[in-house]
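Student: quick check, what structure comes out for this input:
(2 chains)
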Amino acid sequence: MTEAAEVEEQLGEAVRRLRVELKQAQQQYATQADLARLGRELAKIREDGRARDGQLKRHGERFHALDQRLGQALKTWEELQERANREFARSRRAIRQLAGHTRWLETRIRLDQAIAPVDLDALDGELKDLVAYVHESRDLRARLLTPEQRAEWQQLVDDFVALEGVAAEHRRAAVESSRTLAAALVGGGRQRRNSAGYRRRRRQSGELAERIEATRPAAREAQAALDADERRKEEYRTHSGTKAGAAIAEHLRARIDEAVRASALFPAWFTITELGHQPPAERAAQWRETATSLLLYRITYRVTDPMVALGPPPEDGDRQRVEWHDRLTRALRELA
Amino acid sequence: MNPAELWDEAARRQRVLARRHERLAGLSPDTPAYEHQLERVFVATDELIVVLDEIESIADHRRLMSAAALVPVALVLAAVAAAGAIPAVLWFTAAVTVATAAALALSTRWRAA
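Tutor: Predicted structure coming up:
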């Protein structure tokens, strides 16, 4: 190897080493740049965090202030409520005292001037006849069979009729077989078939006849009950109780109007209710209709209770009365 | 009563029944007369059926007797055929005789049922 070639080889080696070093230096520089960038970002995040902490602190302070104000408001509200309750209780006591005084005055006036309350329940003259007519109509309706009772009786009658129908069919078939036997060739197939058929039909007819006789009394009773109910229904239909009811209501309305016009004293059972002594100016028509309906209810159901306007609660069986009672209770409540 | 008399009696009762039906047809239903006549029709029918049952019972008895008589005849025919005298025809006749006896006996049982 020549000297020049050795130098050239050393130079080549030096160049390769330099290239490797250059590459490592470049990589190192890139890592340092990234670290610097990350450092910057971290600093920014820390700065943002500090800003958020400041905001959070401010919000906490505001919440605390609001909480204090709310506590004060609640306390004020409770005080106000307590005061209102005291006022209401005082007002109720005052009203009770006033009502007591009014009743006392009413009693004194009645005693001093011999004022008797108007007898709203009184039945006189034409009203007596009309009420009797309505009572008659009501009694008729009360004696009508309920749909369940009617269905039960009707079922008995229908079963009996069906039984009779089947028995008649067996008897008709037996007669037919008998007629065929009268003309059939003795010993022939037709004669044998009809003999057997006749026997079977007669046996079934006999069995049914026994059942019919056993159920006949019940079926007759059921039919009689249905017929009687039908007659009563017809009687109730022709009985114009509704018209009489309207006429009575007219009388009673006039009686109430007259009592109000004359400033008459209403009876205790009347004034104890929400109707009071006089109709309220803003609901006078509603007051009059309720009073008329209440009076009509008392007369229709013969309620004579001196204290309880509607008398005892009606039984569940009388649907019409229960509905009327409920309607009146609601109407009285609405007047309060 | 012998069978001939029974047949005459059945015919007489059929005539009675037919007359009663004619009378029933001339009556209006749901009347007491109709009900009464209907009852008479049923009585006449019951009486006719008694005679018809008797006739049928005699016929059944005869059928059973015939069936019982046919069985030995079939056996004799079968024996002769077995002996080899006139083979084919006698076998066939014996089979027909047994079938007839069975049919008679079965028809009697069926009627009784």
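
Student: and chain B, which of its residues are near chain A?
Tutor: Proximity of chain B to chain A, by C-beta under 8 Å from any C-beta of the partner chain, involves residues B:7, B:10-11, B:14, B:17-18, B:21, B:24, B:38, B:41-42, B:44-45, B:48-49, B:52-53, B:55-56, B:59, B:111. C-beta coordinates here come from the backbone N, C-alpha and C atoms, glycine included.

Student: buried members of those residues into PyMOL, please.
Tutor: The PyMOL command for the buried members of the residues of chain B next to chain A (criterion: 16 or more other C-beta atoms under 10 Å in any protein chain shown) is given here:
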select buried, chain B and resi 10+14+17+21+24+38+41+42+44+45+48+49+52+55+56
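
Student: mark which of the residues of chain B next to chain A are part of helices, please.
Tutor: Among those, the ones falling in helices (DSSP state H) are B:7, B:10-11, B:14, B:17-18, B:21, B:24, B:38, B:41-42, B:44-45, B:48-49, B:52-53, B:55-56, B:59, B:111.

Student: per-residue confidence, residue B:66, what does it come out as?
Tutor: On pLDDT, residue B:66 comes in at 84.

Student: so who does it touch?
Tutor: B:101, B:104 (C-beta atoms under 8 Å, 6 or more residues apart in numbering or on different chains).

Student: quick one: low-confidence ranges for chain B?
Tutor: Flagging of chain B using pLDDT under 70 yields the residue ranges B:85-88, B:108-113.

Student: what residue lies at the spatial centre of it?
Tutor: Centroid-nearest residue in chain B, with C-alpha atoms, centre = their mean: residue B:56, separated by 3.5 Å.

Student: wait, isn't it in contact with residue A:192?
Tutor: Yes - using C-beta atoms under 8 Å, residue B:56 is in contact with residue A:192, at 7.3 Å.

Student: look up the closest residue to residue A:183, ignoring the ones flanking it.
Tutor: Leaving aside its chain neighbours, residue A:183 sits nearest to residue B:18 (6.6 Å; criterion: C-beta to C-beta, 6 or more residues apart in numbering or on different chains).

Student: state the distance from the one you found to residue A:197.
Tutor: The gap separating residue B:18 from residue A:197 is 18 Å, by C-beta to C-beta, to the nearest Å.

Student: from the middle of its chain, how far away would the helix or strand containing residue A:90 be?
Tutor: Using DSSP states H and E, residue A:90 falls within helix A:3-113. Chain-centre distance of helix A:3-113: 49 Å, with C-alpha atoms, centre = their mean, to the nearest Å.

Student: helix or strand next in line after that helix, which one?
Tutor: Where DSSP H and E defines the elements, the next helix or strand beyond helix A:3-113 is helix A:125-142.

Student: neighbours around residue 101, how many?
Tutor: No chain was given, so I picked chain A. 10 (other C-beta atoms under 10 Å in any protein chain shown).

Student: hm, I was asking about chain B
Tutor: For residue B:101, the count of nearby residues is 21 (other C-beta under 10 Å).

Student: now do residue B:6
Tutor: For residue B:6, the neighbour count with other C-beta under 10 Å is 17.

Student: if I look at the residue lying closest to it once chain neighbours are set aside, how far off is residue B:16?
Tutor: Leaving aside its chain neighbours, residue B:6 sits nearest to residue B:55 (5.2 Å; criterion: C-beta to C-beta, 6+ apart). Applying C-beta to C-beta, the value for residue B:55 to residue B:16 is 16 Å.

Student: also residue A:172?
Tutor: As judged by C-beta to C-beta, residue A:172 and residue B:16 stand 21 Å apart.

Student: more neighbours: which of these two?
Tutor: Just comparing residue A:172 and residue B:16: by other C-beta under 10 Å the higher neighbour count belongs to residue B:16, 18 against 12.

Student: thought the more buried one was touching residue B:44?
Tutor: Yes - counting by C-beta under 8 Å, residue B:44 is a contact partner of residue B:16 at 5.3 Å.

Student: can you list the residues of the stretch 201-336 of chain A near chain B?
Tutor: Residues of the stretch 201-336 of chain A lying near chain B (C-beta under 8 Å from any C-beta): residue A:202.

Student: and the helices in the stretch 201-336 of chain A?
Tutor: Remark: helices assigned in the stretch 201-336 of chain A by DSSP state H, counting those that start in this stretch are A:241-261, A:268-271, A:284-300, A:319-335.

Student: want to throw those helices into JSON lines with mean pLDDT and distance to residue B:68?
Tutor: Shown next, in JSON lines, are the helices of the stretch 201-336 of chain A (pLDDT from 0 to 100; distance: least, C-beta to C-beta, whole Å):
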{"stretch": "helix A:241-261", "mean pLDDT": "86", "distance to residue B:68": "90"}
{"stretch": "helix A:268-271", "mean pLDDT": "88", "distance to residue B:68": "106"}
{"stretch": "helix A:284-300", "mean pLDDT": "92", "distance to residue B:68": "94"}
{"stretch": "helix A:319-335", "mean pLDDT": "89", "distance to residue B:68": "83"}
